[in-house]
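S.K.: Make a model of this:
(chains A and B)
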Protein chains: 2
Amino acid sequence: MPLTEKALIAQLRRRVKSGRGIITGIGDDCAVLRMPAGHEALITTDFSLEGVHFRREWHPAESVGHRCLARGLSDIAAMGGEPIALFVSLALPSDLPQAWVHGFSKGLLKLADKFGVTLAGGDTAQSPDGILADVMVLGSVPRGKAVLRSGARVGDRIYVSGKLGGSAATLTQIMSHPRRKLKPRNFPQHFFPEPRLELGRILREKKLVSAMIDVSDGLSTDLTHICEESGVGAELQAHLIPREVDLKFALHGGEDYELLFTTPSGKKIPSRVAGIPITQIGFITRNKKIFLTTADGSKEELEAKGWEHFKSRK
Amino acid sequence: MPLTEKALIAQLRRRVKSGRGIITGIGDDCAVLRMPAGHEALITTDFSLEGVHFRREWHPAESVGHRCLARGLSDIAAMGGEPIALFVSLALPSDLPQAWVHGFSKGLLKLADKFGVTLAGGDTAQSPDGILADVMVLGSVPRGKAVLRSGARVGDRIYVSGKLGGSAATLTQIMSHPRRKLKPRNFPQHFFPEPRLELGRILREKKLVSAMIDVSDGLSTDLTHICEESGVGAELQAHLIPREVDLKFALHGGEDYELLFTTPSGKKIPSRVAGIPITQIGFITRNKKIFLTTADGSKEELEAKGWEHFKSRK
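M.R.: Just a heads-up that it's a prediction; the model follows:
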């Protein structure tokens, strides 16, 4: 076993605590976990691959650790669930500096601690080339209450939390000036995105949402997922989309990890929930396409070119 | 999205069925699953990386698909559990032939069908280099009944199922004659290992085992895991170890996926369980070392050099 792999396991084992629902964590053939009574299990897995999802020269190790867990926590938030445990499969190149492993663990476990999620297992291997992480998050939701993508109905209003496009705009800035180092803490939307767990849980508990997804692939793509699964269309109003960056980033930029949801016409949504601003950006239509209307009244079909749009850079 | 990735998702989605306990499978932010009443969840994840765990020129795609699920199912078996669902994270190089993806899915899903395990989600990505798979298996076990590694007591007998070393012996044969193609179906222990799910479940139900592990890293290493977690030692009798190959393969060769377990002295173990031969190979001792005795009466300490022993080849 190469040194980095050994060090990683030792580091992670030291940090493993007995947490809520964890009967047996790291150190057996399987982790043994108990679901809260009357709850269903939520499971999500996400790859974070060097050269695809992050680059060592752009993303500090702590940001990589944070981001690869944030992706899964955001998926749990989008179901209205609560996270219980995480599992990390990590393959590391044999020449990886110890400091990288340390930073990665720090970023990952800091975010896990913040949301009371226990590291309960995983796998390690030597990587033939580049850092490879696959993070699985287990959560729970009361039986039959998971918020799906398929519940949007004609006439529902469309809302989004926070501001969109910040992560993609930052990435573009990094790519345009690769030598100018950005201070990660000044660009938290990209380097340290915050999964909207409390928001998702409150929306589910108060029965305010008919469908929900997290904005991980970009607004245009993620809204398409809701429309396809619900068998509906949508109209978005460009001037309402909350953003501090160019409209193209807000429409197609991925990895914002805000929540995108639909609300039946009779329900009232506060302007802030769990401290996060909530903005209406459109409504659900019968016509199974997505249209974008602008302030001057023009209307055009919106193509789903989220995440994919940015993939060409890789 | 590259063609292979699209084809894979389409292929997998077509094959996803509503299975036992699956409320929502592929197609939402998370899978939603229900545990059987009075059961705990078992979770295990295993990487299968090209160049580390398999080689494209040695292992047909169908074998790769089979093996990467067999690893997780074997972990469930070692807890005495039953598998429910699997999740596949798969990163593929953009130039991978469609036929490979097809073969991989076939091998994976055939084994899943055999044991009634439902494909319930996963992730796909483009790989920067080589095929990367991470398979997570979710299973269940009645509350408090999971068989751990930590339950072995002084005086317990040590048993193993089937025969050991076959997988490593085959691998050595492949490496020594890389041009001579072996027929995979003639070497099932290596190419299509059978997870011992029924055996593990019966041993747990009949309360015949105090500790259990699957032989994935090699007998010497896996027995060390049991001894370390249980705070005991062991004495193995070399001439009793069931094998058709050189002793070194049976002692240190990995990936046999047989079950290694300990049984309290009062319990009687049949010579076959679930059709699989069961062989006593030693006993648990107070001295926290592992010794190997041979037919001529000599006795030497056994080092844990399972899997690692073979890693140098890579």
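
S.K.: Quick check, A:Ser210 in contact with A:Arg153.
M.R.: Yes - A:Ser210 is within contact range of A:Arg153, at 6.0 Å (criterion: CB atoms under 8 Å). For glycine as for every other residue, the C-beta is placed from the backbone atoms N, C-alpha and C.

S.K.: Pull up the overlap in contacts between those two.
M.R.: Common neighbours of A:Ser210 and A:Arg153 are listed as A:262, A:264 (criterion: CB atoms under 8 Å, 6 or more residues apart in numbering or on different chains).

S.K.: If you count surrounding residues, which of those two has more?
M.R.: A:Ser210 (21 against 15; other CB atoms under 10 Å in any protein chain shown).

S.K.: State the distance from the more buried one to chain B.
M.R.: 14 Å (CB to the nearest CB, to the nearest Å).

S.K.: so who does the closest residue to that residue other than its chain neighbours touch?
M.R.: Once flanking residues are discounted, A:Ser210 sits nearest to A:Gly151: 4.2 Å by CB to CB, 6 or more residues apart in numbering or on different chains. Applying CB under 8 Å, 6+ apart to A:Gly151 gives the contacts A:209-211, A:230, A:262.

S.K.: Who wins on neighbours among these?
M.R.: Going by other CB under 10 Å, A:Thr262 tops the contacts of A:Gly151 with 28 neighbours.

S.K.: Remind me what the strand or helix carrying that residue packs against, helices and strands.
M.R.: Using DSSP states H and E, A:Thr262 maps to strand A:259-263. On a contact count with 3 or more CB pairs under 8 Å, 6 or more residues apart in numbering or on different chains; DSSP states H and E, strand A:259-263 meets strand A:157-161, helix A:197-205, strand A:211-214, helix A:219-230.

S.K.: Which one, of these, ends up nearest to B:Phe191?
M.R.: Ranking the helices and strands packed on strand A:259-263 by proximity to B:Phe191 (CB to CB) places helix A:219-230 first, at 38.3 Å.

S.K.: Which residues outside that closest one are in contact with it?
M.R.: Outside helix A:219-230, the residues within contact range by CB under 8 Å, 6+ apart are A:148-153, A:158, A:160, A:164, A:211, A:213-217, A:233-234, A:236, A:241, A:250-252, A:254, A:260, A:262, A:284, A:288, A:290, A:302-308, B:27-28.

S.K.: Do a quick rundown of the helices in the stretch 201-314 of chain A.
M.R.: Here the stretch 201-314 of chain A has its helices, by DSSP state H, counting those that start in this stretch, at A:219-230, A:247-252, A:308-311.

S.K.: now those helices as JSON lines including mean pLDDT?
M.R.: Formatted as JSON lines, the helices of the stretch 201-314 of chain A follow (pLDDT from 0 to 100):
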{"stretch": "helix A:219-230", "mean pLDDT": "96"}
{"stretch": "helix A:247-252", "mean pLDDT": "95"}
{"stretch": "helix A:308-311", "mean pLDDT": "44"}
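
S.K.: Show me the one of those helices that comes nearest B:Leu96.
M.R.: Closest to B:Leu96 of those is helix A:308-311 (CB to CB; 17.2 Å).

S.K.: returning to that earlier point: partner strands of the strand holding A:Thr262 and their direction?
M.R.: Using DSSP bridges, the strands paired with strand A:259-263 in its sheet are strand A:157-161 (antiparallel), strand A:211-214 (antiparallel).

S.K.: So which residues make contact with it?
M.R.: Here strand A:259-263 makes contact (CB under 8 Å, 6+ apart) with A:77-78, A:147, A:151-153, A:156-161, A:196, A:199-200, A:203, A:208-215, A:219, A:222-223, A:226, A:230, A:269, A:284.

S.K.: one step back: please identify the most buried of the helices and strands packed on strand A:259-263.
M.R.: strand A:211-214 (a mean of 28; mean count of other CB atoms under 10 Å in any protein chain shown).

S.K.: What lies in contact with that one?
M.R.: A:74-75, A:77-80, A:147-152, A:156, A:195-196, A:200, A:203, A:222-223, A:225-226, A:229-230, A:257-262, B:29.
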